[in-house]
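K.L.:
Sequence first, predicted model second:
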Amino acid sequence: MDNTALLLARLQFGLTLTYHFWFVGLTLGLSILVALMETCYVRRGDPIYKSMAMFWGKLFLVFYAVGIVTGLVNEFQFGMNWSEYSRFVGSVFGATLAFEALTAFFVESVSIGIWAYGWDKVSRRVHLVFIWLVAIAANYSSFWILSANSFMQHPVGYVVNNARLELNDLAALLTNPYLFYQYAHTVLSGLVLSGYFVMAVSAYKLLRKEHIDFFMRSYKTGLICAMIATVSVVGTGHFYNQYLAYTQPMKMAASEALWETAEPAPFVIFAMIDEDNRRNSYQLALPAGLSVLAYNSLNTPVKGMNDLQLEFVERYGPEHYIPAVTILFWSFRGMVGIGFWLIFLAALNSWYWWRKQIAYCPALLKATMWSLPLPYLAITMGWTMTEMGRQPWLVYGLQLTERHLQSCIRGEYMDLLAGLYGDIRRYRFSSSLYCSSHYS
């Protein structure tokens, strides 16, 4: 039952958080794009930019509302599935959530109401101020949320008192080096997603020959955003990965399927991973590639998972510290592959823009439109690597996920989930018997 409850708790939180972030990532970037569109309207007086701000602003409001609702579901799970986590780290985690709600969210919620209903009630410049407050507050809100997540990845600024973590250095929490790498990468990922979202919707309208001028300007606005943000997100991802080599070497080794310490370490392009025997049965690798990517050196050794496992057992006690290698390995490569495809697509669009032929190339518009799921998939893979790569730790080096749930397993909610899981399995088994007897 323990394993069942742990699996269900992880699946429930993972699915709801992923679904939540699909909306959050889009609103982070789309709020900035809408603010830029309205800025062009205020500065130039061109009514088409006002129409753009209103059109994309309505979509922003829809995604913002759904993002709020899906986020509330996650908060309930902290007290139900993960109550021991809340007890252990609540004074740290709760402080960041409180700051987010009392500062960023209040400003954002008030400003978004004035912006949505104040088009004809306040002056242009005042109205512009409020959409910029929305954009700034939205991205400032993510800073507090990510400060909590960064603490789980790299705990700083705390003391242990009565078997609980207590925050004793807010400055250390806010200057956590992990936070700056994670925040920059996350915000830029939101800009990539919003840029391609605007391009994909505009491409659909351009293919249907609807409001050509309006959606061509929108398309170009999204293209500028996508081009700058995609190149930047690849760059920040590279430095982020180099930082992981020092702070979370097990996560980096798992994402590279590096089982044995190597000097220099190869970059594995393709691998058939045998997690049971802790080896790769086959791999295609670039010699010294990982040493260069991780340390900018051709000779620096990189520790493998087997050696790190022994170190962690000696430091923390008997436990299996190697995460789900196959998932991390392919998540990382999928994310990087999508990133380079999006850079290529943005560069190709820029070339056709320079030649003034975007509207006359339906193949390019269709490629852009059908590529919209890829940024969503990339940010999902990125968060999969971030969260699953931390396992088996709930709070890195301080709280194990399984031991947390052993303290919670006596709760009625987890018993209910385990019972539901058993009912589903019995239903599937009986259904299989029926189908077998019916068709045989």
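P.N.:
Received, thanks. Residues are numbered from 1 along each chain as shown.
K.L.:
What residues of stretch 36-46 count as buried?
P.N.:
Buried residues in stretch 36-46, counted by 16 or more other C-beta atoms under 10 Å: Leu36, Met37, Glu38, Cys40, Tyr41, Val42. To be clear about C-beta, it is placed using only N, CA and C from the backbone, and glycine gets the same treatment.
K.L.:
Find the residue at the geometric middle of this protein.
P.N.:
Central residue of the chain (C-alpha atoms, centre = their mean): Trp383, 4.1 Å from the mean position.
K.L.:
so it makes contact with Leu15?
P.N.:
No: taking contacts as C-beta atoms under 8 Å, Trp383 lies outside contact range of Leu15: 11.7 Å.
K.L.:
in this protein, which helix has the most residues?
P.N.:
The longest helix of the chain (DSSP state H) is helix 2-44.
K.L.:
now for that one, which elements pack on it?
P.N.:
Using 3 or more C-beta pairs under 8 Å, 6 or more residues apart in numbering; DSSP states H and E as the contact test, the elements touching helix 2-44 are helix 47-80, helix 124-153, helix 177-207, helix 212-247, helix 373-388, helix 401-408, helix 412-439.
K.L.:
try it again with 6 Å
P.N.:
Helices and strands touching helix 2-44, by 3 or more C-beta pairs under 6 Å, 6 or more residues apart in numbering; DSSP states H and E, are helix 47-80, helix 124-153, helix 177-207, helix 373-388, helix 412-439.
K.L.:
Would you single out the least confident of those?
P.N.:
Lowest mean pLDDT within these: helix 412-439, a mean of 38.
K.L.:
If I take the longest helix of the chain and helix 212-247, what angle do their directions form?
P.N.:
130 degrees (axes from the mean of the first three to the mean of the last three C-alpha atoms, to 10 degrees).
K.L.:
Average pLDDT for helix 2-44, rounded please.
P.N.:
Mean predicted lDDT for helix 2-44 stands at 85.
K.L.:
Give me the distance from that helix to the chain's centre.
P.N.:
8 Å (C-alpha atoms, centre = their mean, to the nearest Å).
K.L.:
Direction-wise, compare that helix with helix 373-388 and give the angle.
P.N.:
Using the same axes, to 10 degrees: helix 2-44 against helix 373-388 is 130 degrees.
K.L.:
what's the most buried one of the helices and strands packed on helix 2-44?
P.N.:
Burial of those is given as mean neighbour count (mean count of other C-beta atoms under 10 Å); helix 177-207 ranks first at a mean of 23.
K.L.:
Just the angle for it relative to helix 373-388, thanks.
P.N.:
Going by the same axes, to 10 degrees, helix 177-207 makes 160 degrees with helix 373-388.
K.L.:
chain center to helix 177-207, what's the gap?
P.N.:
The answer for helix 177-207 is 11 Å, by C-alpha atoms, centre = their mean.
K.L.:
For that helix, which helices and strands make contact with it?
P.N.:
helix 2-44, helix 124-153, helix 212-247, helix 362-370, helix 373-388.
K.L.:
For Thr230, see how far away Tyr204 is.
P.N.:
20 Å (C-beta to C-beta, to the nearest Å).
K.L.:
likewise Asp274?
P.N.:
35 Å.
K.L.:
The two: which is more packed in?
P.N.:
Thr230 (28 against 14; other C-beta atoms under 10 Å).
K.L.:
contacting residues for the more buried one?
P.N.:
By C-beta atoms under 6 Å, 6 or more residues apart in numbering, the contact set of Thr230 is Val192, Leu342, Ile343, Ala346.
K.L.:
Spatially, what comes nearest to the last one if we skip its sequence neighbours?
P.N.:
The spatial neighbour of Ala346 that comes closest, neighbours along the chain excluded (C-beta to C-beta, 6 or more residues apart in numbering), is Met227 at 4.2 Å.
K.L.:
Please apply the same query to the first one.
P.N.:
Excluding the flanking residues, the one nearest Val192 by C-beta to C-beta, 6+ apart is Ala229, at 4.6 Å.
K.L.:
Check whether that neighbour really touches Gly190, as I assumed.
P.N.:
No: at 8.3 Å, Ala229 does not count as touching Gly190 under the criterion of C-beta atoms under 6 Å.
K.L.:
Would you agree Ser281 falls within a helix?
P.N.:
No: Ser281 is assigned strand when assessed by DSSP: H, G, I helix; E, B strand; the rest coil, not a helix.
K.L.:
my guess is it meets Asp274, correct?
P.N.:
Yes: Ser281 is within contact range of Asp274, at 5.0 Å (criterion: C-beta under 6 Å).
K.L.:
Relative to Lys356, which of the buried residues of stretch 36-46 is nearest.
P.N.:
Cys40 (20.4 Å; C-beta to C-beta).
K.L.:
Quickly list what Arg164 is bridged to.
P.N.:
Asn161 (DSSP bridges).
K.L.:
and it, how far is that from Ser91?
P.N.:
Taken as C-beta to C-beta, the span from Arg164 to Ser91 is 7 Å.
K.L.:
what do you get for Val62?
P.N.:
36 Å.
K.L.:
Check Ile145 too.
P.N.:
In terms of C-beta to C-beta, Ile145 sits 17 Å off from Ser91.
K.L.:
same deal with Thr236?
P.N.:
31 Å.
K.L.:
more crowded one of those two?
P.N.:
Thr236 (20 against 16).
K.L.:
Correct me if wrong: that one contacts His185.
P.N.:
Yes: assessed by C-beta under 6 Å, Thr236 is found in contact with His185 at 4.6 Å.
K.L.:
Cheers, nothing more for now.
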